[in-house]
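>>> what's the 3D shape of this:
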Amino acid sequence: MATSVERLQVWEGERWRRIRLRALQEAQHAFGTTFAEASAWPSARWVQQVEDFATFVVVAGGSDIGVARGAQHATRPDVRELISMWVAPLARRQAVGSSLIDAIVDWARSQRATGLVLDVVEDNHPAIALYARKGFELVTGDSLGERAPGEIRMLKSIASIRHTE
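Okay, the predicted model is just below:
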């Protein structure tokens with residue numbers, strides 16, 4: 001399957017809305033927002049999310065088949081977060097998730113981050129295995145803030161890789 005990775009632009013709030021609602025319908029247990037809540041959000045909120053978060057989409061055959069977003073960590077200026085990752089069921093186990101992680105890692109490097117952190121539902125074994133293959137390790141303790149019940153935190157060090165301009 002030929003794919004490409006695109007970063008959403010601020011004018012693509014409606015596209016982000018369609019992707020997110022699709023993800024919430026398919027895997028609501030994996031996200032902190034419900035489909036009903038997100039469906040009620042105004043258009044301006046979707047645009048603001050694209051502006052506030054680096055949002056990367058994998059496209060195949062003209063369809064959006066996966067998404068991941070990058071954010072500044074709330075308390076650590078040297079750390080970025082991988083959030084809201086989702087891959088359409090028919091595209092799983094086809095390197096879509098890996099491409100999304102690579103895009104977020106490249107973005108974090110461009111931000112001069114030393115680490116990339118994520119939270120994942122503790123029984124999502126396929127996702128945990130993917131993150132481990134991509135160099136993420138389990139974090140114990142709360143040095144990177146609290147996490148939601150039923151989630152585990154993973155961290156990938158990117159400190160040894162220097163961003164060059």
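>>> residues making contact with the worst-scoring helix or strand of the chain on mean pLDDT?
Between all helices and strands in the chain, the lowest mean by mean pLDDT, DSSP states H and E belongs to helix 35-39, at a mean of 88. With contacts defined as Cβ atoms under 8 Å, 6 or more residues apart in numbering, helix 35-39 is touched by Arg17, Arg20, Leu21, Leu24, Gln25, Gln28. Placement of C-beta: from N, CA and C, glycine included.
>>> next, count neighbours for the closest residue in space to the first one that isn't next to it in sequence.
Nearest residue to Arg17, sequence neighbours excluded (Cβ to Cβ, 6 or more residues apart in numbering): Trp46, at 4.4 Å. Residues contacting Trp46 under the criterion other Cβ atoms under 10 Å number 20.
>>> so Trp46 is in which element?
When elements are assigned from DSSP states H and E, Trp46 belongs to helix 43-52.
>>> CA atoms of that helix as PDB?
This file holds the C-alpha atoms of helix 43-52, laid out as PDB (Å, rounded to 0.1, in the frame of the first residue of the first chain):
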ATOM      1  CA  SER A  43     -15.800  24.400  14.100                       C
ATOM      2  CA  ALA A  44     -13.500  26.900  15.700                       C
ATOM      3  CA  ARG A  45     -12.400  24.300  18.300                       C
ATOM      4  CA  TRP A  46     -11.300  21.900  15.600                       C
ATOM      5  CA  VAL A  47      -9.300  24.600  13.800                       C
ATOM      6  CA  GLN A  48      -7.700  25.700  17.200                       C
ATOM      7  CA  GLN A  49      -6.600  22.100  17.800                       C
ATOM      8  CA  VAL A  50      -4.900  21.900  14.400                       C
ATOM      9  CA  GLU A  51      -3.200  25.200  15.300                       C
ATOM     10  CA  ASP A  52      -2.200  24.100  18.800                       C
END
